[in-house]
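Colleague: Got a predicted model here, sequence first, then my questions.
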Amino acid sequence: MVINKINLLKMLNYYQQQAVTIKHNSVLILAGAGSGKTKVLVHRAAWLTSKYKTDSIVMVTFTNKAANELKSKVNKLVGRQYHFPWIGTFHSLAYKILRINYSVADLPNNFQIIDNNDQIRLIKQIISTNNKYLNIIPNQAMYYINKKKDYGNRPNVLNNSIMEYLYKKYQQLCNRNGLVDFSELLLRSYELLNNNSMILSQYRKQFTNILIDEFQDTSYMQYLWIRKLITSKNNIMVVGDDDQSIYSWRGAQSNNMQIFLHDYPHTNIIKLEENYRSTNNILQAANTLIQHNNIRLKKTLWTKNNNCRDEPIVIYYALDQFDEIKFIIKQIKLVRNAGISLDKCAILYRNNTQSRILEDILIQNNIPYNIYGNVNFFNRREIKNVLAYLRLIHNHDDDISYIRIINVPNRRIGKKTINKIIELANTKNISFWRASNLIIKNNILSTRYNNIINNFLNLIRELYSDVFNKPIYLQLNTIVMNTGLLKMYNHEDKIKNLNNVDNIKELINAAYQFELNYNENKLFLLQSFLTYTNFSIKNNNTSINLMTIHASKGLEFLYVFIIGMEEDNFPSKLSMSINKLEEERRLAYVGITRAINKLFMTYANTKFIYGKKIYCQPSRFIYEISNSILNIKRIYYHDSSN
DNA sequence: TGTCCGAGTTTTTTT
DNA sequence: AACTCGGACA
């Protein structure tokens, strides 16, 4: 493979070059925000490509967005002809390993990933069919199950607690239906490697180079997973920054960095502290803020970029949420008039609910936006319904999909009938699909309901034989036509002025695009598409970016607006213990260090929570920053005409 | 037996 | 504001 090694190193500083070219087989890189960490990873991958095959390079990042960005940047360096199948998130790589070894992992070949919502649905079902679970809150049960899995624990047969029993039941159900939740992906692929020495040694041999990004945010199970793959013969490089550890709430343990050094004492450490991203003002703000934290490996970001004409950091004290957003719109228009593309700007917030008003006012002002997160395109009800049909026709035993669409569109099948199906499925330990077939066969229901259910089963079977070998977009097309979904949503759109149908059209379009760009094993096409809908986010590149600060990690923007700088919102009122408060502060640090040129922070004096107007105090983080010698411009609400 | 309406509730962050 | 759940009604 022909890579020009000299050119590759030209744009890097001494430490970055070290990191890219190092031959030592165990390396820890302590990389501050904006210190060119992504650049190092990208160049390292390109560097390795001159010596190793691309399918021997494993690169793990935290989000799919980051993984895609990494892939496309590496491809820019080494050329489009290379594919890096093992660049991805822990979950997507674990999925891939399970996909390939599904039968050894004891999974059906059409196993499907379920998200948290599906998990809750499943748990609710279990709870509702047995009154010994009466007092269990579904959310807590999910939390319990995921935590167990995250620490590698299968249901304990000796433990008779009600939660443990529910866990057992839940796992049985998942196994029966070929469903795998996020935690299960990691645990099961770990067990696969742990229990099968042949498979393990094959991957150990194949993966000559393992690189882990955002190492401070790895969990117990993820670290176990990594350690399984490390041998004395392959190269491991981990990259992290303890000041950016913001996922402890989902099991991340930033002390994995210390544990790693303990487990691999011969590790070489490289520090990257020079910041290439932000102006001096922005860095100072970040540094002064993070100094209020006690638990940290102290490190200070610095830059040669010492321009005295740096833009000041702007703090705007708004009257209310509307005023807050209007101010931002005004700034965005100024930026746009200066000829800067909106995709170089981002509006960041602490939690997803804050995006609602933002969206309304952006639409009013004709400003296009991309939104990331919970309100995910693939999470919309109409999209999930269409996809549930797609899943069900390819995996009849998928109970989640079955229950989701059995009465969509309305077939006059209600709770009573559904409960009969569930009960039979539970007593016989078979899927809902099989149970319904049994019900038809034995004429258990009245003729009327027998017919209704039978028609539904036939519909699914016919759909399968109509579409099974067609392109996905055509499958979707047939589904929405033949099930009556399209008709139903057309009607609903007219009455309630919604755009379900538009979204469905976009889904079909997305499927078309996906298939066009798909360049891996055709056998996995459908599964990959369904996985993509579970993992992925839509995106469009001339729009301003809206996302939570969590989602912004690893990204950078010329202009950054952080909204909702109020006590109880940021820091969240649920984070008032010392440890949690420090994590909130690190989150603020992450938000601030996303900015390249200019940073805005806004505070609203009043806002609506649960439909009630409340008064807010400015976030303590504002004061913690402004106590220094920073160049800050404070603007108080003064203009009521606009 | 299914549907609809109104009362009651509200975990922040993600794969 | 937006969701879920339970009970009255058709």
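Modeller: Arrived safely, thanks for sending.
Colleague: Can you tell me the SS state at the nearest residue to residue A:103 once chain neighbours are set aside?
Modeller: Among residues not flanking residue A:103 along the chain, residue A:109 sits closest, at 7.4 Å (Cβ to Cβ, 6 or more residues apart in numbering). Where C-beta positions appear, they are placed from N, C-alpha and C, glycine not excepted. Following DSSP: H, G, I helix; E, B strand; the rest coil, we place residue A:109 in the coil state.
Colleague: For the helix or strand where residue A:605 lies, buried residues please.
Modeller: Assigned by DSSP states H and E, residue A:605 falls within strand A:595-609. Of all the residues in strand A:595-609, those buried under the rule 16 or more other Cβ atoms under 10 Å are A:595-605, A:607.
Colleague: any idea how far that strand is from the chain center?
Modeller: Counting by Cα atoms, centre = their mean, to the nearest Å, strand A:595-609 is centred 24 Å from the centre of its parent chain.
Colleague: That strand pairs with which strands?
Modeller: strand A:313-320 (parallel), strand A:557-562 (parallel), strand A:612-615 (antiparallel) (DSSP bridges).
Colleague: can you list the residues of the stretch 351-500 of chain A near DNA strand C?
Modeller: Neighbours of DNA strand C within the stretch 351-500 of chain A, by Cβ under 7 Å from any atom of the strand: residue A:356.
Colleague: What are the boundaries of the helices in the stretch 351-500 of chain A?
Modeller: A:355-364, A:381-394, A:399-405, A:415-428, A:432-441, A:447-467, A:472-482, A:485-496, A:500-517 (DSSP state H, counting those that start in this stretch).
Colleague: swap in the stretch 51-200 of chain A?
Modeller: Here the stretch 51-200 of chain A has its helices, by DSSP H, counting those that start in this stretch, at A:64-78, A:90-100, A:116-128, A:138-150, A:162-177, A:182-195, A:197-206.
Colleague: Specify the angle between the last one and helix A:182-195 in degrees.
Modeller: When you say that, I think you mean helix A:197-206. 100 degrees (axes from the mean of the first three to the mean of the last three Cα atoms, to 10 degrees).
Colleague: likewise the longest one?
Modeller: Using the same axes, to 10 degrees, the inter-axis angle of helix A:162-177 relative to helix A:182-195 is 80 degrees.
Colleague: before we move on, the earlier item: wait, which of the strands paired with strand A:595-609 is closest to residue A:624?
Modeller: strand A:313-320 (12.3 Å; Cβ to Cβ).
Colleague: How far off centre is that closest one?
Modeller: 30 Å.
Colleague: Give me the buried positions along it.
Modeller: Buried residues in strand A:313-320, counted by 16+ other Cβ under 10 Å: A:313-320.
Colleague: hmm, back to that, and for the residue nearest to residue A:103, the neighbour number?
Modeller: The number of residues packed near residue A:109 is 12, by other Cβ atoms under 10 Å.
Colleague: could the helices of the stretch 51-200 of chain A go into TSV alongside distance to residue A:615, mean neighbour count and mean pLDDT?
Modeller: Formatted as TSV, the helices of the stretch 51-200 of chain A follow (distance: least, Cβ to Cβ, whole Å; neighbours: other Cβ atoms under 10 Å; pLDDT from 0 to 100):
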stretch	distance to residue A:615	mean neighbour count	mean pLDDT
helix A:64-78	36	18	85
helix A:90-100	41	20	93
helix A:116-128	34	18	82
helix A:138-150	30	18	88
helix A:162-177	40	18	89
helix A:182-195	39	21	95
helix A:197-206	57	14	96
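Colleague: I'd like those helices laid out as JSON lines, including distance to DNA strand B.
Modeller: Putting these into JSON lines (distance: least, Cβ to the nearest atom of the strand, whole Å) gives the following:
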{"stretch": "helix A:64-78", "distance to DNA strand B": "6"}
{"stretch": "helix A:90-100", "distance to DNA strand B": "3"}
{"stretch": "helix A:116-128", "distance to DNA strand B": "4"}
{"stretch": "helix A:138-150", "distance to DNA strand B": "3"}
{"stretch": "helix A:162-177", "distance to DNA strand B": "14"}
{"stretch": "helix A:182-195", "distance to DNA strand B": "4"}
{"stretch": "helix A:197-206", "distance to DNA strand B": "19"}
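Colleague: so which of the ones you listed comes closest to residue A:325?
Modeller: Per Cβ to Cβ, nearest to residue A:325 of the helices of the stretch 51-200 of chain A: helix A:64-78, 24.6 Å.
Colleague: just the angle between that closest one and helix A:90-100, please?
Modeller: Using the same axes, to 10 degrees: helix A:64-78 against helix A:90-100 is 80 degrees.
Colleague: List the buried residues in stretch A:102-111.
Modeller: Buried, per 16+ other Cβ under 10 Å, within stretch A:102-111: A:102, A:105, A:107, A:110-111.
Colleague: Surely residue A:351 touches residue A:548?
Modeller: Yes. Residue A:351 is within contact range of residue A:548, at 6.5 Å (criterion: Cβ atoms under 8 Å).
Colleague: quick one, which of these two is more surrounded?
Modeller: residue A:548 (19 against 15).
Colleague: With DNA strand C as the reference, measure out to the residue lying farthest from the centre of chain A.
Modeller: Of all residues in chain A, residue A:447 has its C-alpha farthest from the mean position, at 46.5 Å, by Cα atoms, centre = their mean. Using Cβ to the nearest atom of the strand, to the nearest Å, one gets 19 Å for the distance from residue A:447 to DNA strand C.
Colleague: Any figure for the gap between that residue and DNA strand B?
Modeller: Taking Cβ to the nearest atom of the strand, one finds residue A:447 at 12 Å from DNA strand B.
Colleague: For that residue, give me the pLDDT.
Modeller: Residue A:447 is assigned 81 on the pLDDT scale.
Colleague: do the same with residue A:403
Modeller: 86.
Colleague: What about the residue found closest to it once you drop the neighbours it is linked to in the chain, how many residues nearby?
Modeller: Closest residue in space to residue A:403, ignoring its immediate chain neighbours: residue A:432 at 6.6 Å, by Cβ to Cβ, 6+ apart. If you count neighbours by other Cβ under 10 Å, residue A:432 ends up with 26.
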